[in-house]
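Asker: I'd like to go over a predicted model; first the sequence, then the structure.
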Amino acid sequence: MRIGVDYYPEHWDKELWAKDAKLMAETGVSLVRLAEFAWCRLEPSDNCFDFAWLDEAIDIFMSNGIDIVLGTPTNCPPRWLQEKHPEIIPMGSDSRPQATGIRGHRCLNSPVFRSYAERIVRKLAEHYKDNKSVIAWQIDNELEAKLCFCEACNSKHRDRLKEMYGTIEALNEAYGTIVWSNEYSSFDQIKPPYGDYNKAWLNPAYMLDFRRLAAEDVTEFSDFQASVIRSVIPNATITTNTWFCEDIPDFYKLFNKLDFVSYDNYPTTSLPQNPDDIYTHAVHLDLMRGIKQQNFWIMEQLSGSMGCWMPMQKTTRPGMLKGYALQAFAHGADTVIHFRWRTATKGAEMHWHGLIDHSNVPGRRFIEFVELCKKAKEWEKYAGTELRSDVAVLYSIDSRNAFALQPQTDGFDYMEQIKLMHQAFAGYGVNVDIIDEHADFGSYKIICAPALYVTDDDTAKRLHEFADRGGTVILTARSGVKDRNNNCIMAHLPTVYADLTGCHVTEYDPIGYDTVEVRFEDGDTVTGKQWCDIIESDGAEVLARYVSDFYSGMPAVTRNRIKPVSVEAAEKPQPSSYVYYIGAFGERKLYEKIARMALEDSGLSFIPDLPRSVEITTRSGNGMTAHFVFNNTGEEKSFTLSGQKITLAPFECKGL
Ligand code: GLA
């Protein structure tokens, strides 16, 4: 396990650089990320470059045995560039240039911006191409799929829509523009969603496409920078740091041509009042690992109280700083880089805390960081191990965006469904991957696809084939609702999944904040919320029924036994293959119950009695198998695992 820090030499007096680097090296830091916002110092005026200061800083780190991740500074074009070419500033939906002086003030599609971006990235690559200490490149910073409304974007988006649909008639048909007399007669009439609009009033097919276009812009911009770097350094190792923002990029496309995923990991420092709340960051970590189905990095890791974008949050409780970093490793983050070495004394982020406070006197958190570095050294023995999972949860970018455009019922949140499903399996101590709905289902035994709302025949076919091969599938309400154009499919829900589930939905009830009681055949009851599909079985076994409201007695959860279909499969004895359909969203217990049944159906081993909020993962490879147990609470936890008594201090993570 490797530990690094994010460092901004341009923010500090030079005399601090050597002192900081020395302390880093003594502590066990072996990597720094530099320069991702430093364009105005790297190119102080048009075509005049100054890398001397960065060389000096890099030399200091190198002489302390510290490697470098170099950020391309394109997030923050300097003032001279903004003044010379105001057209590079992104345009808001109010047709006004968006506020500058913060960051991210550049239009990714502006040809002028592209040429300046290409030049600074090329210069940096040429300057550092032979420096062996520069081990990786970070493109830009936290690229977000925000729409820009400038003419360069508008015309690019129109061209792209033309490419996608061919004719305006085909686009009209796909969008259903006949509704409310919205038909276009030419592509030139297509405009982005201007104004202070209420998204829900706009055409859903058109809106989903504009989200896709914004995400494509991000991927294309990142690929463009990667190709510039690679044209100079063919074997450069390249990433970009991502996170969960409102305008999320399409993670799967974004990282497709990059070498590895890196994630900015800021778990909460406030523990939930209700122990049933899911607050673990494990779900995000497993999603990040699932993007490329390989180990990843943390490019920014929580180091103290977060603030400045919001009032300051609680500081990291004792054990948290170290524990959260080790938790990330336990989920596949081989490198964890802390944001940041020292809390900024100037600028907007002066209240987002680093490892060392404003005083520059290392305190409690730093002492914990020193312990983390020691542990990381010890954990170098796990190099080459990775997580292998039998269980996968599908994540659909299209569904996520479509739900954001048209909220389904009060309280419903797509990510919560992903978390609940993930947590249900993770709570039994099994590794869980969260993967793209388009990923290869190859080696998994169980696939959960909560609320697969926007879908198509291809995904349905692949899930069908997966079940035919003996895999267990879990589907829920709001699956199969929309086609890829974000239009409703004219068939009984779950439409393209009805064959697979062996049931159909006769009617549904979006109950929002109300609740219903759902009783299983074994007498267990759970609380359903937000949504109730009233189901009719077409052969599936009924596992649970509603016991309240006008649909009392109707099926709420079903399980369909899949018989082998291919001749080859029929000749071999097949493992059980089941498809679950959960018609109501509900409390945690509902998902845990189904997860347990699915694990039993699939013959997978699991830990039935792991204490709540104790997490366990398994990394294997390089001739070893190691288990990691993590206590994600502020209290000591004791339990027995395979006859071994384990005690974990608050937030402690142990390798077994
Ligand atoms: C993000 C950014 C950083 C910094 C932190 C803290 O993760 O990438 O530059 O702004 O948030 O706010």
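Answerer: Here it is on my side, so go on. Numbers count the residues shown, from 1 in each chain.

Asker: so where do the strands sit in the stretch 501-650 of the chain?
Answerer: Listed in chain order, the strands of the stretch 501-650 of the chain (DSSP state E, counting those that start in this stretch) span 503-520, 525-537, 541-546, 555-561, 578-582, 584-586, 614-621, 624-631, 637-641, 644-648.

Asker: For the fifth one, which helices and strands make contact with it?
Answerer: When contacts are defined as 3 or more Cβ pairs under 8 Å, 6 or more residues apart in numbering; DSSP states H and E, strand 578-582 sits against strand 472-476, helix 498-501, strand 555-561, helix 588-602. Backbone N, C-alpha and C define where each C-beta goes, glycine included.

Asker: and the stretch 51-200 of the chain, which residues reach the ligand?
Answerer: Contact residues (Cβ under 6 Å from any ligand atom) of the stretch 51-200 of the chain with the ligand: Asn141, Glu142.

Asker: again, 5 Å this time
Answerer: Glu142 (Cβ under 5 Å from any ligand atom).

Asker: Let me know the helix or strand that the closest residue to the ligand within the stretch 51-200 of the chain is in.
Answerer: Nearest to the ligand in the stretch 51-200 of the chain, going by Cβ to the nearest ligand atom, is Glu142, at a distance of 4.6 Å. Using DSSP states H and E, Glu142 falls within no helix or strand.

Asker: For it, give me its contacts.
Answerer: If you count contacts by Cβ atoms under 8 Å, 6 or more residues apart in numbering, Glu142 has them with Asn75, Asn241, Thr242, Trp243, Cys245, Asp264.

Asker: Turn those into JSON lines, including secondary structure and pLDDT.
Answerer: Shown next, in JSON lines, are these (DSSP: H, G, I helix; E, B strand; the rest coil; pLDDT from 0 to 100):
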{"residue": "Asn75", "secondary structure": "coil", "pLDDT": "98"}
{"residue": "Asn241", "secondary structure": "strand", "pLDDT": "98"}
{"residue": "Thr242", "secondary structure": "strand", "pLDDT": "98"}
{"residue": "Trp243", "secondary structure": "coil", "pLDDT": "95"}
{"residue": "Cys245", "secondary structure": "coil", "pLDDT": "92"}
{"residue": "Asp264", "secondary structure": "strand", "pLDDT": "98"}
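
Asker: If any of those are buried, give me the ChimeraX selection for them.
Answerer: What follows is the ChimeraX syntax selecting those of the contacts of Glu142 that are buried according to 16 or more other Cβ atoms under 10 Å:
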select :75,241,242,243,264
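
Asker: so which of the contacts of Glu142 would you say is closest to the ligand?
Answerer: Set against the ligand, the nearest of the contacts of Glu142 by Cβ to the nearest ligand atom is Asp264 (4.0 Å).

Asker: Dig out what that closest one forms beta bridges with.
Answerer: Counting by DSSP bridges, Asp264 is bridged to Glu300.

Asker: any idea how far Ser638 lies from Glu652?
Answerer: 12 Å (Cβ to Cβ, to the nearest Å).

Asker: so who does the nearest residue to Leu208 once chain neighbours are set aside touch?
Answerer: In space, Leu208 comes closest to Asn486 once its chain neighbours are excluded; the distance is 4.2 Å by Cβ to Cβ, 6 or more residues apart in numbering. Applying Cβ under 8 Å, 6+ apart, we find Asn486 in contact with Pro204, Ala205, Met207, Leu208, Asp398, Ala402, Leu405, Val454.

Asker: Quick check: next helix or strand after the helix or strand harbouring the second one?
Answerer: Secondary-structure assignment from DSSP H and E places Ala205 in helix 204-232. Using DSSP H and E, the helix or strand that directly follows helix 204-232 along the chain is strand 238-239.

Asker: Partner strands of that next one and their direction?
Answerer: Sheet pairing for strand 238-239, using DSSP bridges, gives strand 134-138 (parallel).

Asker: which bits of the stretch 301-450 of the chain sit near the ligand?
Answerer: Applying Cβ under 5 Å from any ligand atom, we find that the stretch 301-450 of the chain lies next to the ligand at Trp352.

Asker: Low-confidence stretches in the stretch 501-650 of the chain?
Answerer: 564-576 (pLDDT under 70).

Asker: Can you name the residue of it nearest to the ligand?
Answerer: Closest point on the stretch 501-650 of the chain to the ligand, by Cβ to the nearest ligand atom, is Asn632, at 21.6 Å.

Asker: so that residue sits right up against Arg612, yeah?
Answerer: No. At 9.3 Å, Asn632 does not count as touching Arg612 under the criterion of Cβ atoms under 8 Å.

Asker: hmm, back to that, helix/strand/coil for the residue nearest to Leu208?
Answerer: coil (DSSP: H, G, I helix; E, B strand; the rest coil).

Asker: Tell me the spacing between the closest residue in space to Lys146 that isn't next to it in sequence and the ligand.
Answerer: Nearest non-adjacent residue to Lys146, counting by Cβ to Cβ, 6+ apart: Asp247, 4.8 Å away. Separation of Asp247 from the ligand (Cβ to the nearest ligand atom, to the nearest Å): 14 Å.

Asker: what's the burial count for Asp247?
Answerer: 15 (other Cβ atoms under 10 Å).

Asker: Just to check, it is in contact with Ala214?
Answerer: Yes. At 6.6 Å, Asp247 and Ala214 qualify as touching, with contact defined as Cβ under 8 Å.

Asker: how about low-confidence regions in this protein?
Answerer: 100-101, 196-198, 564-576.

Asker: okay, now the domains of it?
Answerer: 2-149+200-382, 391-602 (automatic domain parsing).
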